[in-house]
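[1] one predicted model, sequence on top.
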Amino acid sequence: MEILKIKPAYKDYLWGGERLKKEYGKDTDMSPLAESWELSVHPDGPSVIIGGKYDGKTLKEFLDENPNALGEANKDGELPILIKLIDAQDNLSIQVHPDNEMAKELENQNGKTEMWYVVDAKDDAKIIFGMKEDTDKAVVEKAIKENTVLDLLSINDSKKGDVFFVEAGTIHAIGKGNLIAEIQQNSNVTYRLYDYNRKGKDGKTRELHIEKGLKASDTKAVKKHKTPNLEDGTRLLASCEYFNVRELNLSGEYTLKTTKKSYCALLNVGGNSVVNGEAFSQGQCLFIPATDGEIKLEGNSTILITETL
């Protein structure tokens, strides 16, 4: 079983910073660097395999040639996820993602449910996550136009290790000072509802998508999300039909069991370790094709383990 090292695609959105380059080994001239798409088959940012038999191939090309690598649970033959690292030097827009039905109808893409894991956060960092209470969409629309929509939203303090499960339809935003690992559906559909009247690189106010965004939105009060500890020594961060994500705080040795049911993606969000004798550095992502086997991990790292089960 060959473990694939992955080179990400990069995005230079205006709210990004420099931490992904300085602290997480991202080799790009982009400035600011907002996102690294660590594991992606999306045409807007495909990731590429580094080294080994498949060196230089995109991950999509590899999976097209080796569909069994996705595993038995992935019956449509397409990687259902996209994994990112996000450095928010400034606030992201208040936004929402549609569900599958609406996204396919309007954009011919998948919907977007996602999970955020807070890799690091400044003392004053915030996460905007859903509505404070059940709210009529007409009230939300009026608040957007009057620049008071923040008053309706649940604004949360953010700290390292926090988890937010952002189902499609949830109004949300990453606040400045957060460094986030995002595991999401394979989609790039975003409806911007409010953007602090900011201007883009062209000097014009950035486009809003209020009509589509409100149609996509669930404006009921947000529900709390639980992340239980599991018997295998990991913490379950999120589990849905698209992805199952666990946190492993590695200290010493750990044996990770893989199966034919699903591929396995490893994202190192802190520290340095070794995987099957090969260095696994902070910020690095690995793709393990679906197979029955064991992976030996050694060192001191926080690792996110993603599968589709």
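    Yep, that arrived. Numbers count the residues shown, from 1 in each chain.
[2] number of residues surrounding residue 112?
    By other Cβ atoms under 10 Å, the residues close to residue 112 number 25. For every residue, glycine as well, the C-beta is placed using N, CA and C.
[3] contacts only, for it.
    When contacts are counted by Cβ atoms under 8 Å, 6 or more residues apart in numbering, residue 112 touches 97-98, 103, 168, 184-185, 187, 189-190.
[4] the closest residue to it other than its chain neighbours and residue 264, how far apart?
    Distances taken as Cβ to Cβ, 6 or more residues apart in numbering place residue 97 nearest to residue 112, at 3.5 Å, with adjacent residues excluded. Residue 97 is 25 Å from residue 264, where distance means Cβ to Cβ, to the nearest Å.
[5] and the two? Which one has more around it.
    In this view residue 97 and residue 264 are compared by other Cβ under 10 Å, and residue 97 has more residues nearby, 28 against 22.
[6] surely the more buried one is in contact with residue 109?
    No: counting by Cβ atoms under 8 Å, residue 97 sits too far from residue 109 to count as a contact (10.1 Å).
[7] any shared contact partners between the two?
    The contact lists of residue 97 and residue 109 share 103, 187, 189, where a contact means Cβ under 8 Å, 6+ apart.
[8] most neighbours of all those residues, which one?
    Counting neighbours by other Cβ under 10 Å, residue 187 leads the shared contacts of residue 97 and residue 109 with 24 neighbours.
[9] contacts only, for that residue.
    Residue 187 sits next to 42, 82, 97, 103, 109-112 when contact means Cβ under 8 Å, 6+ apart.
[10] tell me how far it lies from residue 82.
    7 Å.
[11] which neighbours do these two have in common?
    Shared contacts of residue 187 and residue 82, defined by Cβ under 8 Å, 6+ apart, are found at residue 42.
[12] below-threshold pLDDT in this protein: ranges please.
    Across the chain, the ranges flagged by pLDDT under 70 are 1.
[13] what's the neighbour count on residue 180?
    Residue 180 has 26 nearby residues by other Cβ under 10 Å.
[14] spatially nearest residue to it (excluding sequence neighbours)?
    Spatial nearest neighbour of residue 180, excluding adjacent residues (Cβ to Cβ, 6+ apart): residue 86 at 4.3 Å.
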